[in-house]
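Asker: requesting a structural model of the entry that follows:
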Amino acid sequence: MRSILVLLMALAGACRFNFDAASGEGADAAPDGPPLPALVCSARVTSIPPVGANSDLAVTDRDEGYLAAWLDPSRGQTSISSFDLGRNQVGAGQVRSVGASVLAGLELRAERLWMVTATQSVQTLWSVALDLSAATEVLREDTVAGADPMGVGLTGSTLPIWSRGVPESPQLRLSYLTSAGEVAASAIYATDGVVTALSSTDYVDHVHLAWREASGRCVGADVNFLTVPTVMGATVISNDCKELRIVSGPPPHDPLVTAWSSAAGIVQIQYSGGTPPPAGGSEFHVTVGAGRAPRISFDGEAYWVAWLEGDVVQVARVDAMGRVTKSSLPGFPLVGDGAFELVRRGISVDLVMLSETSLTFLRLCSP
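Answerer: Okay, here's the model as predicted:
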């Protein structure tokens with residue numbers, strides 16, 4: 001392992017505007033700020049030093065607010081910033097990540113922030129100090145990185161499970177990440193095809209995992225906390241699937257809810273697995289629109305999906321019956337397909353977007 005000094009810095013500029021349509025504070029908006037579209041309650045925009053094209057974004061929640069990180073491959077560095085509950089920036093740092101082009105995900109634990117960066121064929125696991133003052137390269141290996149590749153059980157075991165594909169082999173590799181900052185108790189799970197992408201998410205007492213195989217088939221499963229992480233109950237989600245993302249639905253029904261785009265560029269969301277949803281809900285498989293690069297989150301009541309149609313971000317709310325309400329978000333330019341994410345904190349979901357000189361939090365709300 002080698003330590004990389006993280007340089008604490010105050011990113012240039014403060015918030016350009018902060019407005020909340022529900023509270024009548026729209027007068028605070030900057031003149032160049034686009035109007036709030038439907039399904040968006042408020043916006044907070046923070047100026048940042050310029051980032052290059054195809055920079056990649058990851059966001060997670062924390063007790064005091066949020067952590068956002070973005071990897072700029074043109075500069076060989078990953079910037080990490082902390083935000084309070086009002087989405088105000090309160091701390092920042094940098095990690096050298098020369099050669100990396102993907103920021104696969106973040107997992108915040110009591111001892112550290114776990115972070116995964118990747119090139120096309122190699123990924124690196126980082127342990128980042130909670131105050132963003134230092135980062136340690138824990139492991140570098142030749143495996144296939146996922147989108148949000150780490151998940152935890154919300155009760156019982158609190159060890160994160162890190163999942164990844166094995167290059168040119170029909171296998172998944174799964175490992176516990178220990179409180180001491182080490183990779184331990186790894187397992188191999190045999191898949192039917194070579195894994196080209198994967199996504200994982202937290203659940204109550206296990207982790208939900210889905211992966212895409214080279215044939216275009218996507219499969220979902222539970223990962224249980226046994227002596228080693230153990231994949232169970234694998235079922236096919238779709239045979240025409242790419243750009244896969246998943247989220248867990250409501251306990252105790254244990255659903256795995258999946259968003260993906262088809263080869264024809266149709267974004268879909270499906271509630272599957274577990275037991276039927278609560279009264280007033282149903283299992284569903286719906287199309288939300290044309291486009292690519294979907295993300296998905298759950299606010300405890302409804303599912304939120306964001307995706308790109310052309311260069312414009314689209315967002316949809318999908319209720320427990322599978323009914324879709326959509327809104328388009330023109331006027332929010334991104335630096336690439338990896339430059340937006342959905343993040344949940346409590347019963348609130350934000351759409352976070354990275355442009356060349358700003359990071360924007362849009363708080364989503366029911367129509």
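
Asker: any regions of the stretch 251-367 of the chain where pLDDT drops low?
Answerer: For the stretch 251-367 of the chain, residues meeting the criterion pLDDT under 70 lie at 278-280.

Asker: surely Ile237 forms part of a strand?
Answerer: Yes - Ile237 forms part of a strand when assessed by DSSP: H, G, I helix; E, B strand; the rest coil.

Asker: and it, how far is that from Arg96?
Answerer: Counting by C-beta to C-beta, to the nearest Å, the separation of Ile237 from Arg96 is 37 Å. Heads up, the C-betas are built off the backbone N, CA and C, glycines and all.

Asker: between these two, who's got more neighbours?
Answerer: Set side by side, Ile237 and Arg96 show more neighbours around Ile237, with 23 against 16, by other C-beta atoms under 10 Å.

Asker: just give the nearest non-adjacent residue to that one, would you?
Answerer: Nearest-residue entry for Ile237: Cys218, 4.4 Å, with adjacent residues in sequence omitted and distances by C-beta to C-beta, 6 or more residues apart in numbering.

Asker: ok, that neighbour - how many residues close by?
Answerer: Count around Cys218 with other C-beta under 10 Å applied: 25.

Asker: Leu174 too?
Answerer: As a burial measure, Leu174 scores 22 neighbours (other C-beta under 10 Å).

Asker: hmm, Ser186 and it touching each other?
Answerer: Yes - the pair Leu174 / Ser186 is scored as a contact, 6.7 Å apart, by C-beta atoms under 8 Å.

Asker: quick check: neighbours shared by the two?
Answerer: Listed as contacting both Leu174 and Ser186 by C-beta atoms under 8 Å, 6 or more residues apart in numbering are 228-229.

Asker: I'd like to know which elements the helix or strand where Val349 lies is packed against.
Answerer: Assigned by DSSP states H and E, Val349 belongs to strand 348-354. Counting by 3 or more C-beta pairs under 8 Å, 6 or more residues apart in numbering; DSSP states H and E, the packing neighbours recorded for strand 348-354 are strand 56-62, strand 65-72, strand 303-309, strand 312-318, strand 340-345, strand 358-364.

Asker: list the strands paired with the second one, with their directions.
Answerer: Using DSSP bridges, the neighbouring strands of strand 65-72 in the sheet come out as strand 56-62 (antiparallel), strand 77-84 (antiparallel).

Asker: of all those strands, which one comes closest to Asp205?
Answerer: The closest of the strands paired with strand 65-72 to Asp205 is strand 56-62. By C-beta to C-beta, the value is 20.1 Å.

Asker: for the closest one, the distance to its chain's centre please.
Answerer: 7 Å (C-alpha atoms, centre = their mean, to the nearest Å).

Asker: and the closest residue to Thr136 other than its chain neighbours, what's its pLDDT?
Answerer: Closest residue in space to Thr136, ignoring its immediate chain neighbours: Ser127 at 4.6 Å, by C-beta to C-beta, 6+ apart. Per-residue confidence for Ser127 comes out at a pLDDT of 97.

Asker: using a markdown table, lay out the strands paired with strand 65-72 together with distance to Val313, mean pLDDT and mean neighbour count.
Answerer: Output for the strands paired with strand 65-72, formatted as a markdown table (distance: least, C-beta to C-beta, whole Å; pLDDT from 0 to 100; neighbours: other C-beta atoms under 10 Å):
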| stretch | distance to Val313 | mean pLDDT | mean neighbour count |
| --- | --- | --- | --- |
| strand 56-62 | 12 | 97 | 21 |
| strand 77-84 | 20 | 97 | 21 |
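
Asker: among these, which is nearest Met353?
Answerer: strand 56-62 (7.9 Å).

Asker: run the angle between that closest one and strand 358-364 for me.
Answerer: Using axes from the mean of the first three to the mean of the last three C-alpha atoms, to 10 degrees, one finds that strand 56-62 and strand 358-364 are set 50 degrees apart in direction.

Asker: can you tell me what sits against strand 56-62?
Answerer: Strand 56-62 has contacts (C-beta under 8 Å, 6+ apart) with 66-71, 73, 82, 101-108, 115, 148, 336, 338-341, 343-345, 350, 352-354.

Asker: which residues touch the residue nearest to Thr136?
Answerer: Listed by C-beta under 8 Å, 6+ apart, the contact set of Ser127 reads 112-114, 135-136, 138, 181.

Asker: switch the cut-off to 10 Å
Answerer: 1, 3, 109, 111-115, 134-139, 177, 180-182 (C-beta atoms under 10 Å, 6 or more residues apart in numbering).

Asker: surely it is within a strand?
Answerer: Yes - counting by three-state DSSP, Ser127 falls inside a strand.

Asker: distance of it from Trp114?
Answerer: 6 Å.

Asker: any common contacting residues for these two?
Answerer: Shared contacts of Ser127 and Trp114, defined by C-beta under 10 Å, 6+ apart, comprise 138, 177, 181.

Asker: ok, those residues vs Ser327, which is closest?
Answerer: Leu177 (37.2 Å).

Asker: skipping its backbone neighbours, what lies nearest the closest one in space?
Answerer: Excluding its sequence neighbours, the residue lying closest to Leu177 (C-beta to C-beta, 6+ apart) is Pro160, at 4.5 Å.

Asker: can you pull the contacts of the one you found?
Answerer: Neighbouring residues of Pro160 by C-beta under 10 Å, 6+ apart: 107-109, 114, 149-153, 175-179, 200, 202, 207, 229.
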